[in-house]
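Peer 1: coords please:
(2 chains)
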Amino acid sequence: MSGTIKVLNVAEKPSVAKSVSGLLSRNQGLRVREGRSRYNKIFEFNYSIRGQPCQMLFTSVTGHLMELEFEDRFRKWHSCDPGDLYHAPVRKFVPEDKLDIKRTLEEEARRCQWLVLWLDCDREGENIAFEVIEVCRAVKRNLTIRRARFSALIEREIHHATQNLVDPNQWFSDAVDARQEIDLRIGASFTRFQTMLLRDKFVIDSATDDRNLVLSYGPCQFPTLGFVVERYWEVQSHEPEEFWTINCSHKSDEGVATFNWMRGHLFDYTCAVIVYEMCVQEPNATVTKVQHQEKLKYPPYPLSTIELEKRASRYFRMSSEHTMKVAEDLYQAGFISYPRTETDSFSSRTDLHAIVQEQQEHPEWGSYAQRLLDPETGLWRNPGSGGHDDKAHPPIHPTKFSAGEHGWSQDHRKLYELVVRHFLACVSQPAVGAETIVEIDIAGELFSASGRMILERNYLDVYRYESWGASMIPTYTVGQQFTPTSLTLDTGVTRPPPLLSEADLLSCMDKAGIGTDATMHDHIKKLLDRFYATKDSNTRFSPTNLGEALVMGYDDMGYELWKPNLRSMMEFDMKQVSVGNKSKDEVLATCLQQMKACFLDARLNKVKLLEAMAVFFERSNRAVGGDNYTAGEVVRQCNLCQESSMVLKKNREGNFMVGCSGFPQCRNAIWLPGSILEAAVTSNICTSCNPGPVNLIQFKFRQIEIPPGFNANHLGCIGGCDDTLRQLIEICGTGSRMSARGRGPTTTSSNVPRSSNHGVCIHCQQTGHSSNDCPSQFSRSRNSRSRVNSQNGEPSVSCSTCDTPCVLRTANTENNRGRKFYSCPSQECNFFIWEDDLNNGNGRSIPRSTANRSASNSSRRGGRGRVGRNGSRAADTTFVSATGDPVSNRCYVCGDPSHFANVCPNRGM
DNA sequence: GCAAGGTC
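Peer 2: Predicted coordinates:
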């Protein structure tokens, strides 16, 4: 056709390509052919856009076409310091399983003059649109690119969108680019860090093979875990409190009314008894109020994904993940509408009657559908609006009648039934009830009773998952008096809140904006897959030891990395990008800078994570990589094999080395002095060693094992430039050689009492005390006196601080080579004395550094107001002993301890 | 082996 242009149209999913093609072509002259991907067909038809004849080619992608990843040299876990992942280069690429879609787009784009994007009209859709643009433009630079904006797959809407094409929105896409990059960098850095830090140090029994265990961190999965842990702590810290309440009943010819005390309950037994005795002394009841009112119980809003998941969990105990799988099946087979939607209100253009009409033949709910369509019943009501609209999909509703298909599982049947009944309920009148509330006065105390009569069931007839109880009470009139049939003082005990159910968890996530309707169930499943949480048969979640330890560790650092605030802040920034208030680069720079600082700080405080893990798990003796060393942080790229990284490692005896992570293929190793107590890779880079970067290591030496004149704290480099480190290796030997000589770990302290009741201290790896009491964590004042003993003619020196016999050693420094000195073997003492100074009492001790001491727990904890693991109760309530003895005798009206409530002057005011 | 987001 002369003047006809070819237009390539691309939708986000095959179903939309099919629907839009059908609507635009009105199924006239619609042809379909295969693309390179088996799922993404190509539809062809003729159409006219604003008078321009077009040959339309309509195909689709399947969600995102591209992935974001680090460049290859950063992808191996040991290839770099996880802290580097905040600035490591990333690239966007089409993964292997999407290459066939990419080829289809390239082939079709070459033949076309226009590209029209029909991706979903949300931020992710806009980003996918730009992915499609990138692929198509690469093969055809002069493509005219237009965007179709539509909010429902309805004929009029689609025609309107086609005739009113707009430009794609770069801001929307930028917001997603920023989100992707932030998620990747945060997720990968924290995941690598905590996995490498913890996995091999503890026996994590939840996993069958904990060598492959990944302790992932993600900005969505961790807050989800946080919800579970927080509720669990709330339950654990609950202390039951006994309370008292007064119940009253009245039986007449018409039936029984149960009156509830309008004070609810009291925690103070004395007060309750006083009030009760007053009532018993004057038990005559006077009716003070009789109120009749009509009550409506409304049907639910149209069904969104989250509501579907919550209701399937509540009604059928189906997991959200399984619900989505079944819903996807039903959608693919055409029985229900698109199942991933936030929308909970129907467009006024939706033909709701037509949907009901389809269901008229069903043996169970067909007659209800008929009643709905009969105007005389008055049952129809236009559905309410839940106030959410994702502008892309309608609420979930039935799209095809079925009385049950062959091959459907019970769950398919149940879910289809739920979707249909929910839809029918939405377009129904609310249930109507008549409620009566009666209030009485006994000795000045008020009690109330209520009864309900169901007048019209309406939607409840079809929505059998909900009920509305009816209860009858006798007729009362104001002023009527009677004597109660019973008046009792009853006791009860407060109970903790229940563990979070799956529906609760979804609500928490929804409220805090964690995940999307399409991903929330994934985050919940991830908690189970990662062994962070378990779900009981009642769909209630508890954290595992692992999950609780991780949250506890970060919590003890004082970070809210496990709370939803981080995600909320990110979402806020993304919103700013999407409306053009901030640029993508600006948000990326700020957010990543903050997160990197947080990451580095968390790594400095890693002892908190280790401590929290030690609460739940045994220390592991496992060797890593066959070299008996526990892998740690990356120091530099291996200069031997050029492939892997040189990693700081520590063995069971506490000796350090820097070895190639490619061991045993690459055996490059630098053995470090045996006198190292602690070593940690820092983010500081050596300015002189090449090839760089070489990260500096913060060493802490055991003072007694290094000669005088050397500082116990040393920021060193293993790249070859560090003379101090080289001297100490020469003087003290390396950990490997010391071990070979059969030297026991020098951390053994003869003056620290050992007890089998303790585990191994996190700080010093010793038994006999907990990490809280670890002497290595506290500085002490020291004197500089020593005691010299003589035994068997041999001089012996005792430490001035702990009285432990000192060890005679030989210095090997340039200035003091061969000079003998005594030093205390205890790591908590830094005492040493030159042998030739023994007689003049020149013993010295060098003050320990306190730089590495972590901040006080208590100050942080107090400031955060956490629902504590330590237990808490309201300050204004009073405990009553198990025998019921009151512990408070203040007036409950005014609080005055000088009188009881029955004589309180303020009573009745 | 890491995230979260699309989707088959």
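
Peer 1: Name the residue of the stretch 351-500 of chain A that lies nearest to DNA strand B.
Peer 2: At 7.7 Å from DNA strand B, A:Ala392 is the closest residue in the stretch 351-500 of chain A, using CB to the nearest atom of the strand. For glycine as for every other residue, the C-beta is placed from the backbone atoms N, C-alpha and C.

Peer 1: what helix or strand is that residue on?
Peer 2: Secondary structure assignment for A:Ala392, by DSSP states H and E: no helix or strand.

Peer 1: sec struct for the closest residue to A:Leu489 other than its chain neighbours, please.
Peer 2: Residue nearest to A:Leu489 in three dimensions, not counting chain neighbours: A:Tyr276, with 4.3 Å by CB to CB, 6 or more residues apart in numbering. Put simply, A:Tyr276 is helix when judged by DSSP: H, G, I helix; E, B strand; the rest coil.

Peer 1: swap in A:Phe447?
Peer 2: Per three-state DSSP, A:Phe447 ends up strand.

Peer 1: ok, it touching A:Arg263?
Peer 2: No - with contact defined as CB atoms under 8 Å, A:Phe447 does not count as touching A:Arg263 (9.4 Å).

Peer 1: ok, back up a step: what is the neighbour count of the residue of the stretch 351-500 of chain A closest to DNA strand B?
Peer 2: 22 (other CB atoms under 10 Å).

Peer 1: How about it: what's its closest non-neighbour residue?
Peer 2: A:Asp120 (4.3 Å).

Peer 1: helices or strands up against the host helix or strand of A:Glu69?
Peer 2: A:Glu69 is part of strand A:67-70, with elements assigned from DSSP H and E. Helices and strands touching strand A:67-70, by 3 or more CB pairs under 8 Å, 6 or more residues apart in numbering; DSSP states H and E, are strand A:90-93, helix A:170-198.

Peer 1: most tightly surrounded among these?
Peer 2: helix A:170-198 (a mean of 21; mean count of other CB atoms under 10 Å).

Peer 1: coming back round to it: tell me how many other residues crowd the residue nearest to A:Leu489.
Peer 2: So A:Tyr276, with other CB under 10 Å, has 21 neighbours.

Peer 1: and it, what does it touch?
Peer 2: A:244, A:246, A:487, A:489 (CB atoms under 8 Å, 6 or more residues apart in numbering).

Peer 1: and the two most separated of the residues you listed?
Peer 2: A:Trp244 and A:Leu487 (13.4 Å; CB to CB).

Peer 1: These two: which is more packed in?
Peer 2: A:Trp244 (22 against 19).

Peer 1: Give me the distance between that one and DNA strand B.
Peer 2: 47 Å (CB to the nearest atom of the strand, to the nearest Å).

Peer 1: That residue should be in a strand, yeah?
Peer 2: Yes - counting by three-state DSSP, A:Trp244 is part of a strand.

Peer 1: per-residue confidence at it?
Peer 2: Listed pLDDT for A:Trp244 reads 96.

Peer 1: That one touches A:Val493, doesn't it?
Peer 2: No - counting by CB under 8 Å, A:Val493 is not a contact partner of A:Trp244; they are 10.7 Å apart.

Peer 1: Quickly list what's touching both of those two.
Peer 2: In contact with both A:Trp244 and A:Val493: no residue, using CB under 8 Å, 6+ apart.

Peer 1: Any regions of chain A where pLDDT drops low?
Peer 2: A:1-2, A:151, A:206-211, A:622-632, A:640-644, A:651-655, A:660, A:662-668, A:671, A:730-909 (pLDDT under 70).

Peer 1: Can you spell out the domain ranges of it, please?
Peer 2: What automatic domain parsing lists as the domains of chain A is A:5-168, A:180-236+A:513-613, A:242-298+A:432-493, A:305-429, A:623-740, A:779-840.

Peer 1: Among those, which comes closest to A:Ala503?
Peer 2: domain A:305-429 (4.0 Å).

Peer 1: so what's the closest residue to A:Leu446 other than its chain neighbours up against?
Peer 2: Spatially, and ignoring its direct neighbours in sequence, A:Leu446 is nearest to A:Met262 (4.3 Å; CB to CB, 6+ apart). Shown in contact with A:Met262 (CB under 8 Å, 6+ apart): A:439, A:445-448.

Peer 1: One more pass at 10 Å, please.
Peer 2: Contact analysis of A:Met262 by CB atoms under 10 Å, 6 or more residues apart in numbering lists A:246, A:439-441, A:445-448.

Peer 1: Among those residues, which one lies nearest to A:Phe172?
Peer 2: Distances from A:Phe172 to the contacts of A:Met262, taken by CB to CB, are shortest for A:Ser448, at 54.5 Å.

Peer 1: from memory the closest one sits against A:Gly264, does it?
Peer 2: No - A:Ser448 is beyond contact range of A:Gly264, at 11.2 Å (criterion: CB atoms under 10 Å).

Peer 1: Any idea how many residues pack against A:Tyr47?
Peer 2: 19.

Peer 1: hang on, it in a strand?
Peer 2: Yes - counting by three-state DSSP, A:Tyr47 falls inside a strand.

Peer 1: who does it bridge with?
Peer 2: Beta-bridge partners of A:Tyr47, counted by DSSP bridges, are A:Cys54.

Peer 1: quick one, what contacts it?
Peer 2: With CB under 10 Å, 6+ apart, A:Tyr47 has these contacts: A:7, A:9, A:21, A:24-26, A:29, A:53-56, A:58, A:159, A:162.

Peer 1: what does A:Met613 give?
Peer 2: Contacts for A:Met613 (CB under 10 Å, 6+ apart) come out as A:194, A:197-198, A:201-202, A:204, A:215, A:545-546, A:549-550, A:552-553, A:619, A:762.

Peer 1: What residues sit buried inside stretch A:346-363?
Peer 2: Going by neighbour count (16 or more other CB atoms under 10 Å), the buried part of stretch A:346-363 is A:346, A:350, A:352, A:355-356, A:358-360, A:362.

Peer 1: Make TSV out of those and add distance to A:Glu108 and secondary structure.
Peer 2: Compiled in TSV, the buried residues of stretch A:346-363 are given as follows (distance: CB to CB, whole Å; DSSP: H, G, I helix; E, B strand; the rest coil):
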residue	distance to A:Glu108	secondary structure
A:Phe346	35	coil
A:Thr350	33	coil
A:Leu352	38	helix
A:Ile355	35	helix
A:Val356	41	helix
A:Glu358	36	coil
A:Gln359	40	coil
A:Gln360	43	coil
A:His362	43	coil
